[in-house]
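> Sequence and computational prediction follow.
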Amino acid sequence: MNKINLTDLYKDKGCLSEYDPNSLTYQKAILYLEQLIEPIKKTKKVSIEDALGLILATEIKSSINVPNYDNSAMDGYVFRHQELKKNNNKVKLMGKILAGHPVDPNKIGSVCFKIMTGGMIPKGFDTVIPQELVKIDKDLVCFDFQPKKGANIRKAGEDISKNEIALKKGTYLNPLHIGLLASLGISEIKVFESLKVGFFSTGDEVVQLGEKIKPGQVYDSNRYLIKSFMHKMNLHFNDYGNLSDNKFKLEKQLETASKENDLIITTGGVSVGEADYMKEALSNIGKVLFWKMAIKPGRPMAFGKIKKSFYFGLPGNPVSAAVTFLQFVKPSIKLMMGNFQFESTPILEAKLGQKIIRKKGRTEFVRAYLEKTVKGYCVKPLNQQGSGMLKSMSDANCFILMAEKEDVLEKNTYVKVILFDGLI
Ligand code: AMP
Ligand code: MG
């Protein structure tokens with residue numbers, strides 16, 4: 001696909017059309033986001049303890065060998081292999097080597113040591129045999145077989161060698177990366193600055209926790225939903241609360257938020273209803289880049305730019321807000337924070353336990369439950385698929401992914417599954 005510039009996209013009727021045939025496909029929306037999102041460039045130093053979910057701004061080279069000495073992979077006995085042959089598979093036991101307590105190299109002769117896992121291999125020694133495989137006869141360690149030379153020794157530098165690149169610039173740091181950094185003795189790293197994200201929910205009917213709910217009202221679940229997704233990414237948002245469906249107030253708040261944040265997220269008011277003002281507000285003070293997508297749930301989702309900040313107007317229905325956040329906003333946040341690629345969702349295949357029939361035309365994320373049975377894994381769609389039904393999403397543990405052109409998925413065929421574990 002050619003590089004798109006913002007003005008061309010804004011003028012592209014296909015993206016702005018309110019008719020379904022012109023709505024943006026899932027794949028095209030991702031391509032657009034990949035091209036339009038610009039990473040923030042500011043970096044900062046952080047302790048590795050605070051680095052989870054941040055993105056590495058430099059590559060990390062190891063200044064040491066890991067492990068930094070040859071050591072035993074087993075609790076067993078260490079000896080020189082050639083001594084075994086000389087002494088008819090018997091070697092004299094001299095002492096013990098515990099991890100952290102190397103033996104004095106000057107006192108080592110043609111002998112054998114008991115050695116514990118992680119114990120340092122004495123110079124010139126080359127083989128370790130697990131304690132279960134030898135017999136002890138007074139001060140002799142006896143073998144009834146010829147072990148392989150070099151067995152059970154972890155060589156210095158076999159995990160990472162000195163000067164090797166341990167982590168690439170742009171790595172989204174997870175607990176394993178933090179452990180790896182610690183194994184190199186690195187306590188502080190350079191990462192890209194956390195994004196400044198602003199959020200508000202919209203809707204005259206939306207009430208806050210603690211208030212008594214009246215008929216016609218709904219609790220503000222989206223605020224807590226999006227806030228929790230952000231927490232899981234070790235990010236926070238500037239919380240601008242809930243705004244009523246007032247075009248001028250919404251516009252004003254968007255404008256203020258654009259001065260204070262790199263990214264603004266809102267929920268609600270993004271469709272074509274009478275009180276849906278977000279798209280209009282966005283086009284008044286910024287640029288609508290696209291807003292209608294051929295996905296289910298989550299068809300309306302405004303994406304645009306207000307001054308220097310990007311904007312995602314998510315739908316008000318909580319499941320649609322969750323799906324659009326996970327599929328588009330979360331990977332975009334990572335892109336903005338320096339990740340190299342729009343992260344594609346890992347997809348597995350599992351056997352379908354129940355036929356699915358639907359109207360084709362949109363990429364659909366069907367809430368489902370993946371279960372282990374005696375015959376292997378089996379996935380079944382949940383009965384409730386309404387875009388406002390958060391309960392069925394909280395009961396699900398995966399999505400079945402249906403491509404635009406698919407209208408029937410037959411029972412017992414293999415279908416595409418996106419696990420919540422890892423996605424959420
Ligand atoms: P909208 O996108 O504004 O048309 O809203 C679609 C549906 O989502 C309506 O039924 C709203 O009541 C509901 N909704 C909107 N905002 C929220 C919110 N913050 N929490 C829970 N439900 C919401
Ligand atoms: Mg609304």
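The structure has been received and is ready for your questions. Numbering: from 1, shown residues only. Ligands and ions are numbered 1, 2, ... in the order given.
> quick one: Pro147 and Thr127 touch, right?
Yes: taking contact to mean Cβ atoms under 8 Å, the distance of 5.8 Å between Pro147 and Thr127 places them in contact. Heads up, the C-betas are built off the backbone N, CA and C, glycines and all.
> what do these two both touch?
The contact sets of Pro147 and Thr127 overlap at His81 (Cβ atoms under 8 Å, 6 or more residues apart in numbering).
> following the worst-scoring helix or strand of the chain on mean pLDDT, which helix or strand comes up?
Within the chain, judged by mean pLDDT, DSSP states H and E, the helix or strand with the poorest mean is helix 13-16; its value is a mean of 46. Sequence-wise, the next helix or strand downstream of helix 13-16 (DSSP states H and E) is helix 26-36.
> in that following helix, what's buried?
Residues of helix 26-36 classed as buried: Tyr26, Lys28, Ala29, Ile30, Tyr32, Leu33, Gln35, Leu36 (neighbour count, 16 or more other Cβ atoms under 10 Å).
> wait, doesn't the last one sit right on Phe290?
Meaning Leu36. No: at 9.3 Å, Leu36 does not count as touching Phe290 under the criterion of Cβ under 8 Å.
> Return the closest of the buried residues of helix 26-36 with respect to Phe200.
For Phe200, the nearest member of the buried residues of helix 26-36 is Leu33. The distance, counting by Cβ to Cβ, is 21.7 Å.
> Please work out how many residues are found near the closest residue to Gly216 other than its chain neighbours.
Residue nearest to Gly216 in three dimensions, not counting chain neighbours: Glu205, with 6.0 Å by Cβ to Cβ, 6 or more residues apart in numbering. The burial count assigned to Glu205 is 15, neighbours taken as other Cβ atoms under 10 Å.
> close enough to count as contact, Glu205 and Tyr219?
No: using Cβ under 8 Å, Glu205 makes no contact with Tyr219, being 10.0 Å away.
> which other helices and strands contact the helix or strand containing Tyr224?
With elements taken from DSSP H and E, the one containing Tyr224 is helix 221-232. In this structure, helix 221-232 makes packing contacts with strand 197-202, strand 237-243, strand 263-267, helix 318-324, judged by 3 or more Cβ pairs under 8 Å, 6 or more residues apart in numbering; DSSP states H and E.
> Compare the ones you listed and give me the one nearest Cys398.
For the helices and strands packed on helix 221-232, distance to Cys398 was read as Cβ to Cβ. The smallest value, 12.7 Å, belongs to helix 318-324.
> Mind exporting the C-alpha coordinates of the following helix or strand past the closest one to PDB?
Once helix 318-324 ends, the next helix or strand along the chain (criterion: DSSP H and E) is helix 330-336. As requested, the backbone C-alpha atoms of helix 330-336 are provided in PDB (Å, rounded to 0.1, in the frame of the first residue of the first chain):
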ATOM      1  CA  LYS A 330      -3.600  -0.900  22.600                       C
ATOM      2  CA  PRO A 331      -1.300  -1.700  19.700                       C
ATOM      3  CA  SER A 332      -1.400   2.000  18.700                       C
ATOM      4  CA  ILE A 333      -0.300   3.000  22.200                       C
ATOM      5  CA  LYS A 334       2.600   0.600  21.900                       C
ATOM      6  CA  LEU A 335       3.500   2.100  18.500                       C
ATOM      7  CA  MET A 336       3.400   5.600  19.900                       C
END
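> Give me the sheet partners of the helix or strand just after helix 330-336 and which way each runs.
With elements assigned by DSSP H and E, the helix or strand that comes after helix 330-336 is strand 348-352. Take DSSP bridges as the rule and strand 348-352 pairs in its sheet with strand 376-381 (parallel), strand 414-419 (antiparallel).
> what sits up against strand 348-352?
Under the criterion Cβ under 8 Å, 6+ apart, external residues in contact with strand 348-352 comprise 370, 375-380, 400, 409-419.
> Show me just the buried residues among the residues you listed.
By neighbour count, with 16+ other Cβ under 10 Å, these hold Leu370, Cys378, Val379, Lys380, Ile400, Leu409, Val415, Lys416, Val417, Ile418, Leu419 as buried.
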